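Chemist: Any chance you could fold what I've pasted below:
(chains A and B)
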Amino acid sequence: MKSQVAADRLRDLRSVTDAALAYLPLDDLLNELLGRVVGILDADTAAILLLDDDESTLVARAAKGLEEEVERGVRVPVGQGFAGRIAATRQPVQIENLDNAEIVNPILRKRGLRSLLGVPLVVEGGVIGVMHVGTLVERKFSKEDVALLQSAGDRAALAISSRLTERERGLADALQSSLIPPLPELPGLALAGRYLPAASAQLGGDWYDAFQLPDGRLGMAIGDVVGRGFYAAAVMGQLRSGLRAYALDGIAPSEVLGRLSRLLRQLVPGRTATALYLVLDPYGGSLVVSSAGHPPPLVAGDSGPTFVDLPGSAPLGATRHPTYEDRQHPIEPGSTLLLYTDGLVERPGESLDAGLERLRTVIGRGGDELEGLGDSLVDGLLPDGPAQDDAALLLARGLPLTDSLLTRLPADVESIPLIRRLLGRWLREAGATQAEAEDLSLATSEACANAIEHAYGPAAGILEVSASLSLGGEALVAVRDFGNWRQPRGVNRGRGLALMEGLTDAVDVVRGEDGTTVQLSRRLGAEAA
Amino acid sequence: MSANVELDHRDSVGVARLSGDVDIVQAGVLRKKLLSAVSNDDLGLVVDLSAAGYIDSVGVSLLFELAERLSDRQLRFAVVMPDGGLVQRVLTIVKLDSVAEVHPDLDAALAALRSGA
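Modeler: Residues are numbered from 1 along each chain as shown, chains lettered A, B, ... in the order given. Predicted coordinates for the structure are as follows:
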């Protein structure tokens, strides 16, 4: 009897998928499964196509009698052609005669196939791919054939899904750690970041970044690519790199976002993302910010937490010629700057304003230490753990400077603008005029440049800068290196020395066993000698 | 501020407007652009520093190098120096006026170069 035959076939399939193949690598499992399907249904070809991460294309993954399809990485848009229609409708599709059918994949015709039967691969209500069989002679597949293929498909879907999840977990960990950047360490500034994946995925499209700019200021970025999983994370990684590359050119934040929008349109047409980029002068008391459809940063200082007032703007990639604007905002030493994504503030069935108000409340309670504040924000805003959407936040706070300054930085030219800005802030807080602060900071930069160029040896990698006020009202700055000293050469360093002497009251070079110290002094509140 | 050069041409005189920090970190990028700003058909070059907030010894050396190259090609060199700030104090200490004509604004620099004064 025919039904008895079908039941036998199904039992065959079950035993194959449930037991014997369970320990095979996924590709071997699929190949073996397709071989069995071809045999049982007396077909000539069989293939599995899986939905790509962007969920709009099917990609050939395994095949029997159609190996070329996999080798060429055949891609079929969802909704088009034979396989595309199965994925879009989630229904089995049968084609009796290929001559009269719309087919996307030319390999099917080239192979001489006459009839096709395909079923959707469904996991937890979602389509993950398509399995189909083909015959070289024209054939009308029976209801039992359809049911049998669907059973095989269901079992394949489960195997694929659990294997993918396993594989994704390892990849996700690797990708995640490569996408969460180490934050730069700058003297007098604390930074903290948090990334919280959505409950349903380990990876998402939210990101943040912070990096030192060539002029010693700090670039801070945050953004949100719609979607989750590998695809959103990959787009996010490209945007993060793109933003950093544009930002390092030193252009205005609005211009960085304009270029990033063009980049996104070219990389992934149709995809949009929100982003916010700002340049913080941690020692100068201001920031310049621009937003592409992203919620405004929060500044919490003595006068309470306030959102930076930003004009409305289009997300990245949304329009061909977006115009972004720069806004300047003051930020006092000691106040906290918070960048966040909407996943931190949005809750289902609640207005965005309510979430923003909650943010103000939590940050208004303060917290003496930035990492602790990061934890409080996560606990206070997402009390039930990961939500539907992923979330990211980035915090920055200028630390109060002490009476005497001591900082150690890599002996690298990139440290020079940092030292100059840090020392400038310390000098102004110590009562120096603008001109005095500028002069002494420049003289210090020259001393640092000397040390970087002329100190060498195993311990030459560190530069130490200290500053203090004498009882007599003199600012004293010492630049110390830990290398052996080579005599400064060339007209360039000669000018550096001339500037040090011209901009301070006294320059002393003390050479010791373990390095050289250049001491600079300048009386504050008086013109340079 | 990140340094930038804007190049312009005003009746046979090249004009290079420098903005931001002309310093050891950014001089390399500026140098390339500045050296390409001079054409032999020109009377000379004006470097406008009114929008520059900072210059260090490496930036100064760049100006001296430029002066030498222009002088080799018998072209004139003028610098517009902002009044009363750090840049003026620095350029005075290193005696930039020994190799360049120093003017308070761009119009004065252009007029001087054209008149041959």
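Chemist: Show me where the chain has its helices.
Modeler: Let's take chain A. Ranges of helices within chain A are A:2-15, A:26-41, A:67-71, A:81-89, A:106-110, A:143-179, A:229-248, A:253-267, A:342-345, A:352-364, A:370-381, A:415-429, A:434-454, A:490-503, based on DSSP state H.
Chemist: You answered for a different chain; I wanted chain B.
Modeler: For chain B, applying DSSP H gives helices covering B:27-35, B:57-72, B:86-93, B:106-115.
Chemist: Is any residue of the third one near chain A?
Modeler: Right, helix B:86-93. Yes: for helix B:86-93 and chain A, the contact criterion (C-beta under 8 Å from any C-beta of the partner chain) is met by B:86, B:89-90, B:93. All C-beta atoms are positioned from the backbone trio N, CA, C, and that covers glycine.
Chemist: Neighbour-wise, which one of those residues leads?
Modeler: Most neighbours among those, by other C-beta atoms under 10 Å in any protein chain shown: B:V90, with 26 neighbours.
Chemist: hang on, the earlier thing: could the residues of helix B:86-93 next to chain A go into JSON lines alongside pLDDT?
Modeler: Formatted as JSON lines, the residues of helix B:86-93 next to chain A follow (pLDDT from 0 to 100):
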{"residue": "B:L86", "pLDDT": "95"}
{"residue": "B:R89", "pLDDT": "95"}
{"residue": "B:V90", "pLDDT": "96"}
{"residue": "B:I93", "pLDDT": "95"}
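Chemist: and of those, the nearest to B:H9?
Modeler: B:V90 (27.8 Å; C-beta to C-beta).
Chemist: Run through the residues that contact that closest one.
Modeler: Taking C-beta atoms under 8 Å, 6 or more residues apart in numbering or on different chains as the criterion, B:V90 is in contact with A:442, A:499, A:503, B:55-56, B:60.
Chemist: for B:L30, same thing?
Modeler: B:L30 is in contact with B:3, B:5, B:18, B:22, B:59, B:62, counting by C-beta under 8 Å, 6+ apart.
Chemist: Roughly how far does it sit from chain A?
Modeler: 11 Å (C-beta to the nearest C-beta, to the nearest Å).
Chemist: Output the helices of chain B as CSV; include the columns distance to A:R90.
Modeler: Listed next are these as CSV, based on distance: least, C-beta to C-beta, whole Å:
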stretch, distance to A:R90
helix B:27-35, 57
helix B:57-72, 66
helix B:86-93, 70
helix B:106-115, 70
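Chemist: Counting neighbours, what do you get for the residue nearest to A:G525 when sequence neighbours are not counted?
Modeler: Of all residues not flanking A:G525 in the chain, A:G473 sits nearest, at 6.5 Å (C-beta to C-beta, 6 or more residues apart in numbering or on different chains). The tally of other residues near A:G473 (other C-beta under 10 Å) stands at 12.
Chemist: which residues does the spatially most central residue of chain B bridge with?
Modeler: Nearest to the mean C-alpha position of chain B, counting by C-alpha atoms, centre = their mean, stands B:V47 at 2.5 Å. In this entry, B:V47 is beta-bridged to B:A16, B:V79, by DSSP bridges.
Chemist: can you pull the contacts of it?
Modeler: By C-beta under 8 Å, 6+ apart, the residues touching B:V47 are B:16, B:18, B:34, B:63, B:66, B:77-80, B:100.
Chemist: If you rank those residues by neighbours, which is first?
Modeler: Among these, B:L18 has the most neighbours (other C-beta under 10 Å), with 27 neighbours.
Chemist: one step back: what would the helices of chain A look like in a markdown table with mean neighbour count and mean pLDDT?
Modeler: Shown next, in a markdown table, are those (neighbours: other C-beta atoms under 10 Å in any protein chain shown; pLDDT from 0 to 100):
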| stretch | mean neighbour count | mean pLDDT |
| --- | --- | --- |
| helix A:2-15 | 13 | 65 |
| helix A:26-41 | 19 | 85 |
| helix A:67-71 | 16 | 80 |
| helix A:81-89 | 22 | 92 |
| helix A:106-110 | 15 | 86 |
| helix A:143-179 | 16 | 77 |
| helix A:229-248 | 20 | 89 |
| helix A:253-267 | 21 | 96 |
| helix A:342-345 | 22 | 89 |
| helix A:352-364 | 16 | 88 |
| helix A:370-381 | 17 | 89 |
| helix A:415-429 | 23 | 91 |
| helix A:434-454 | 24 | 93 |
| helix A:490-503 | 19 | 84 |
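Chemist: Please tabulate those in CSV, including the columns distance to A:A221.
Modeler: Formatted as CSV, these follow (distance: least, C-beta to C-beta, whole Å):
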stretch, distance to A:A221
helix A:2-15, 52
helix A:26-41, 37
helix A:67-71, 40
helix A:81-89, 36
helix A:106-110, 44
helix A:143-179, 13
helix A:229-248, 5
helix A:253-267, 9
helix A:342-345, 16
helix A:352-364, 19
helix A:370-381, 17
helix A:415-429, 19
helix A:434-454, 28
helix A:490-503, 35
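Chemist: Residue 111: neighbour count?
Modeler: You didn't pick a chain, so chain A it is. Look at A:R111: counted by other C-beta under 10 Å, it has 17 neighbours.
Chemist: actually chain B
Modeler: B:A111 has 12 nearby residues by other C-beta under 10 Å.
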